[in-house]
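Q: Any chance you could fold what I've pasted below:
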Amino acid sequence: MEATAHSEPPRSPLGHVVGLILGLTLIVGLLTIAFAWPSTSMGPNNVPIAVIGPPEAAAQVADQLDDAEPDGFGVVEAADPAAAVEMIERREVYAALAIGPDGVDLYTATAASPMVARVVTGIADQIAAGMGETAGQPGSVTVDTEDVVALPAEDPNGAGLASSALPMAAGGLIIAALIAVSVRGSGRQAVAAVLAPLAAAAAIAAILRYWLGSVEGDFWTVAGAIALSLLAASWAVLGLTRLLGRPGTIIGAVAIMLVGNPLSGLTSAPELLPAPWGEVGQYLTPGAGATLLRSVSFFDGHGAGTAVVVLCSWLAVGVLMFVIGAVGARVKRVSAVEPEPVAVGA
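A: Sure thing, here's the model as predicted:
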């Protein structure tokens, strides 16, 4: 019996291999820039901060802050400590300063951003040290700090909340991709794209709330905020996929993971990212979802209005693209069906 010869598959053209290597290099480079650049270029960019006292005091402190961090802070006036605390609780400012002859009173909110709180605390220490040197008594001026809205005792550094940025961003993308690949039928895809984000949001909220202790507030409110973020992301990607096919999935992945996730500000604050990218990130689903999660977890929903509008807009656009893509696919299938021949009587 003669052995059957098996022909080897044709080798890939050298140009194809070189192109693949260059493409992978470009992708890895872009990923490095997207995730490393915001961290290495981090610093205050017009961070809103209140100064307690008359306008002249605010102007003086604004000059001191500008000397420490040029263009780093946007100073607003607060009539008294109670007004400053209310502004912090309503997420209008990150911190407040009151400078008197005997010391510096500092009001922070680590729940809004531990990193901003540390930056402001360092600058308050600099101001106090300068006041002591001016008075000829170095070290005599102290800083009295009050954390108005603190992080939970179980997670005082906000590590769990910061770590949730990736699963929240990737969750919507993964849900949409799996539904597009494994679920057939527009109706079934729509049902899955509603139920899967709700179930995933409940799981994430339970982990953050009861296991890690990283968030506070009502469980269902927190779960609802996460669900809206996942719904917006998953429907946006699913709509793009249904409308454009595989390129739509790639566009959604780039928008969420390559751009939106590193610019979300959940691990720091939007005002600490390079301008204007911190603000741009708030108009993508990861950034809006991060702001909404902080607001409902620690600030009774204050400061969440824009985030809700952004997420609902992404959700609405995603649903619209999905419907257009589904209708278009159905029209193509109907058009492709050939009419059956009709017998004509003699």
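
Q: Low-confidence ranges, the chain, go.
A: Along the chain, segments meeting pLDDT under 70 span 1-8, 34, 39, 135, 139, 336-346.

Q: Just give the closest residue to D155, not the sequence neighbours.
A: The spatial neighbour of D155 that comes closest, neighbours along the chain excluded (Cβ to Cβ, 6 or more residues apart in numbering), is S214 at 4.3 Å. C-betas here are computed from N, CA, C, even on glycine.

Q: How about the secondary structure of that neighbour?
A: At S214 the chain is in coil, as set by DSSP: H, G, I helix; E, B strand; the rest coil.

Q: Please enumerate the helices of the stretch 51-200 of the chain.
A: Applying DSSP state H, counting those that start in this stretch to the stretch 51-200 of the chain gives helices spanning 55-68, 81-89, 114-134, 159-163, 165-182, 186-206.

Q: Which one, of the ones you listed, ends up nearest to E146?
A: Nearest to E146, of all these, is helix 81-89, at 8.3 Å by Cβ to Cβ.

Q: any residues touching that closest one, and which ones?
A: When contacts are defined by Cβ atoms under 8 Å, 6 or more residues apart in numbering, helix 81-89 is touched by residues 50, 52, 76, 78, 93-96, 98, 105, 107-109, 112, 148-149, 299-300, 302.

Q: gap between it and the chain center?
A: 26 Å (Cα atoms, centre = their mean, to the nearest Å).

Q: thinking again about what came up before, selecting buried members of the contacts of helix 81-89 in ChimeraX, what would you type?
A: For the buried members of the contacts of helix 81-89, the matching ChimeraX selection, counting by 16 or more other Cβ atoms under 10 Å, is:
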select :50,52,76,78,93,94,95,96,98,105,107,108,109,112,148,149,299,300
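
Q: need the longest helix for this protein.
A: When the chain is scanned for its longest helix (criterion: DSSP state H), the result is helix 305-336.

Q: Which residue, other than its chain neighbours, is closest to A202?
A: Excluding the flanking residues, the one nearest A202 by Cβ to Cβ, 6+ apart is A223, at 5.0 Å.

Q: tell me what the one helix or strand A223 maps to is packed against?
A: Following DSSP states H and E, one finds A223 within helix 219-244. When contacts are defined as 3 or more Cβ pairs under 8 Å, 6 or more residues apart in numbering; DSSP states H and E, helix 219-244 packs onto helix 165-182, helix 186-206, helix 246-253, helix 285-298, helix 305-336.

Q: Ok, which of those comes nearest V28?
A: Proximity to V28 (Cβ to Cβ) singles out helix 246-253 among the helices and strands packed on helix 219-244, at 14.9 Å.

Q: then the closest one to CSV, C-alphas only?
A: Below are the C-alpha coordinates for helix 246-253, written out as CSV (Å, rounded to 0.1, in the frame of the first residue of the first chain):
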residue,chain,number,x,y,z
ARG,A,246,-16.2,42.9,13.8
PRO,A,247,-14.9,46.4,13.2
GLY,A,248,-17.7,47.7,15.5
THR,A,249,-16.4,45.4,18.2
ILE,A,250,-12.9,46.7,17.8
ILE,A,251,-14.1,50.3,17.9
GLY,A,252,-16.0,49.6,21.1
ALA,A,253,-13.0,47.9,22.7
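
Q: Now do the buried residues in that helix.
A: Residues of helix 246-253 classed as buried by neighbour count (16+ other Cβ under 10 Å): G248, T249, G252, A253.

Q: and which of those residues is nearest G172?
A: When the buried residues of helix 246-253 are compared for distance to G172 (Cβ to Cβ), G252 wins out at 8.7 Å.

Q: Could you check how far the closest one is from G187?
A: The gap separating G252 from G187 is 21 Å, by Cβ to Cβ, to the nearest Å.

Q: and stretch 71-85, which residues are buried?
A: G72, F73, G74, V75, V76, E77, A78, P81, A84, V85.
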